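A.B. asks: Here's my sequence, what's the structure:
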Amino acid sequence: CWGDHCSKNNNDATLESFKRFWSKPEDWRINHDDNTEVAYVPADGERIEIKPTWDMVIDTDTAILEELIVKGRLSFKNPAPKIALNAKRILVLRSLHVGSESNPILSEAKIRLHGEDDQENITYTPELPSCGKCLMVVGELQVHGRAVGKAIHRLKANAYAGDTTLTLDTEDISGHWLDREIVITQSSSDEKDYQVVTVKQINGSVITIDPALKSNHIGETHAIGDYTVDARAAVGLLGHNVMIEGVHEGENKWNGVIIIGDHKDIEGNQYRAK
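C.D. replies: Sure, this is the predicted structure:
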């Protein structure tokens, strides 16, 4: 492990018996009862560390942090109104919880990655690439949002520019799709040929969308010798309430990176570039 943050980390440290809250200035004191230290809430551009013994709860939108290193436990308040964790780089050495299996988050929760691809990087080990504008997890990541059924299907038939219906490869389309945004992946070499539309009606395996398609999308497989190539476009639900998103800033349009180095538990969440 490279860097001071690694040598000082202790995943076996006993967590404090009380919870700290992001919005409370006094909870950012290293020693909770030490009134000689200045109490404050982290501001834009700061490098922040969640100490190994801390059990910190995000109960408000955070400032856009330059760097966040989680050596203790960091979790989203639940239940809570909309909450967003904003940072350029996040390194999870111990645990980050966005809901749990027994208590999933039902409101909107976001982890928002800011910046550009050429900004300062963070490095954990030679085995894990360094990255800027990233979420790097070498500890535990739990993400549990509202259940939406199966979130990704594929086209069963070709769809053409101007079409307002899509035929999918299943009739088991969740009712959660109705009036929600979906994405149809591109079938060309142009990455901009994907399209986001809204589901207006569900009839078995056929969904009605708005607006109409702007380009063609393949819904067929192709046999090449002894092999079958699945060229069908994917159709995925975008309306998840828990999201990890890369925020476009400036002209570079860098989407951000997620690197998982240990274990994760992700359910009902979504990653997207905005």
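A.B. asks: does the residue sitting nearest the centre point of the chain sit in a helix, a strand or a coil?
C.D. replies: By Cα atoms, centre = their mean, the chain has its centre lying nearest to Ile244, at 1.8 Å. The three-state assignment at Ile244 reads strand, by DSSP: H, G, I helix; E, B strand; the rest coil.
A.B. asks: right, and it touches Leu113 too?
C.D. replies: Yes: Ile244 lies in contact with Leu113 (Cβ atoms under 8 Å); the separation is 7.4 Å. Where C-beta positions appear, they are placed from N, C-alpha and C, glycine not excepted.
A.B. asks: Could you count how many residues lie near the closest residue to Ala159 other than its chain neighbours?
C.D. replies: For Ala159, ignoring the flanking residues on the chain, the nearest one in space by Cβ to Cβ, 6 or more residues apart in numbering is His217 at 4.6 Å. Neighbour count of His217, defined by other Cβ atoms under 10 Å: 26.
A.B. asks: So His217 versus Leu155, what's the distance?
C.D. replies: Distance, His217 to Leu155, by Cβ to Cβ, to the nearest Å: 6 Å.
A.B. asks: what is in contact with the two at once?
C.D. replies: Shared contacts of His217 and Leu155 (Cβ atoms under 8 Å, 6 or more residues apart in numbering): Ile184, Ala233.
A.B. asks: before we move on, the earlier item: who touches both of Ile244 and Leu113?
C.D. replies: Leu135.
A.B. asks: May I ask which helix or strand encompasses Val41?
C.D. replies: Under DSSP states H and E, no helix or strand contains Val41.
A.B. asks: contacting residues for Glu46?
C.D. replies: Glu46 neighbours (Cβ under 8 Å, 6+ apart): Ala63, Leu65, Glu66.
A.B. asks: In terms of pLDDT, where does the second one sit?
C.D. replies: We note a pLDDT of 96 for Leu65 in this prediction.
A.B. asks: Pull out the buried residues from the strand with the most length in the chain.
C.D. replies: Ranked by number of residues, the top strand in the chain under DSSP state E is strand 195-203. By 16 or more other Cβ atoms under 10 Å, the buried positions in strand 195-203 come out as Gln195, Val197, Thr198, Val199, Ile202.
A.B. asks: That strand pairs with which strands, parallel or anti?
C.D. replies: strand 181-184 (antiparallel), strand 206-210 (antiparallel) (DSSP bridges).
A.B. asks: closest to Ile50 out of those strands?
C.D. replies: strand 181-184 (33.4 Å; Cβ to Cβ).
A.B. asks: buried ones in the closest one?
C.D. replies: Buried residues in strand 181-184 (16+ other Cβ under 10 Å): Ile182, Val183, Ile184.
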